[in-house]
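Visitor: I'll drop the sequence and a predicted model, then ask my questions.
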Amino acid sequence: MTPTTTRGRGEEREDAILLATLALLAEVGYDQVTMDAVAKRAGASKATIYRRWQGKAELVVTAVKRHAGSPVMTPPDTGNLRQDLLAVLGVMRSSLTGQDAALILGLMIAMRRDPELARTVRGQVVDDKREVFGAVIARAVARGDLPATVDHALFVEISSAMLFSRLFVTGEPLDDAFVHHLTDDVLLPLLDHQSGRR
């Protein structure tokens, strides 16, 4: 057996496990998903699952991210703060619109009851966004566009809240016009305020 064959089978097995996880998540919700049920649905052993994921929370978050086609967020470096913010928000928007709204809402509710799920989501999703926004802000500080005291975590909270509100509450489109509005009318004025350039 060649390394390519082994890797191909490993990827197929992983895909089967993640698809089984998503199917169960949609059918019974996070609280009722078990590793036994995932193993049975995927035709895999629990040992195989635990070799790849530490537990249910990590498995579910991985499955949801894969389902959305969530790309690895790399901090853009256009040399322009506005363009960098637009690029980050564009990736966040694409990631959200690729999700099943009911799945995401179910996970958000489950996070309130399951500390491990909450930690995993924060570690694999929220912290990634904080790092990207942090890098964008740090580059702007290095260019002299912003003071070092700017609170980049606030931008993750505001951006996420407004994107989630559009997607899950108002149902209005997450289009380019909204991303530009969020950047030009919310984030950049907030940066000006924090920079003392009011």
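Guide: Structure's in. What do you need?
Visitor: hmm, which helix or strand of this protein has the shakiest average pLDDT?
Guide: When the helices and strands of the chain are scored by mean pLDDT, DSSP states H and E, helix 3-28 comes last with a mean of 83.
Visitor: Now do the buried residues in that helix.
Guide: For helix 3-28, a neighbour-count test (16 or more other C-beta atoms under 10 Å) marks 13, 14, 17, 18, 19, 20, 21, 22, 23, 24, 25 as buried. Backbone N, C-alpha and C define where each C-beta goes, glycine included.
Visitor: what do you get for stretch 118-136?
Guide: Across stretch 118-136, burial judged by 16+ other C-beta under 10 Å covers 118, 120-121, 124-125, 128-130, 132-136.
Visitor: got the contact list for it?
Guide: With C-beta atoms under 8 Å, 6 or more residues apart in numbering as the test, stretch 118-136 has contacts from 57-58, 61-62, 65, 73-76, 81, 84-85, 88, 92, 107, 111-112, 152-153, 155-156, 159-160.
Visitor: 6 Å - rerun?
Guide: For stretch 118-136, the surrounding residues in contact (C-beta atoms under 6 Å, 6 or more residues apart in numbering) are 57, 58, 61, 73, 75, 84, 88, 111, 152, 153, 155, 156.
Visitor: Assign the most centrally placed residue in the chain to one of the three secondary structure states.
Guide: Nearest to the geometric centre of the chain sits residue 125, at 4.0 Å (C-alpha atoms, centre = their mean). Recorded secondary structure, residue 125: helix (DSSP: H, G, I helix; E, B strand; the rest coil).
Visitor: Would you state the helices of this structure in chain order?
Guide: With DSSP state H, the ranges of helices along the chain come out as 3-28, 35-42, 46-52, 56-68, 81-97, 101-113, 115-121, 127-143, 152-164, 176-181, 188-194.
Visitor: is it possible to export those helices to CSV including distance to residue 170?
Guide: Listed next are the helices of the chain as CSV, based on distance: least, C-beta to C-beta, whole Å:
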stretch, distance to residue 170
helix 3-28, 24
helix 35-42, 34
helix 46-52, 38
helix 56-68, 20
helix 81-97, 14
helix 101-113, 12
helix 115-121, 23
helix 127-143, 21
helix 152-164, 10
helix 176-181, 10
helix 188-194, 21
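Visitor: Lowest mean pLDDT across these, which one is that?
Guide: The minimum mean pLDDT among these belongs to helix 3-28 (a mean of 83).
Visitor: Report all helices and strands that that helix contacts.
Guide: helix 35-42, helix 56-68 (3 or more C-beta pairs under 6 Å, 6 or more residues apart in numbering; DSSP states H and E).
Visitor: can we see that at 10 Å?
Guide: helix 35-42, helix 46-52, helix 56-68, helix 101-113 (3 or more C-beta pairs under 10 Å, 6 or more residues apart in numbering; DSSP states H and E).
Visitor: now it against helix 35-42, angle please.
Guide: 120 degrees (axes from the mean of the first three to the mean of the last three C-alpha atoms, to 10 degrees).
Visitor: can you give me the angle helix 3-28 makes with helix 56-68?
Guide: 100 degrees.
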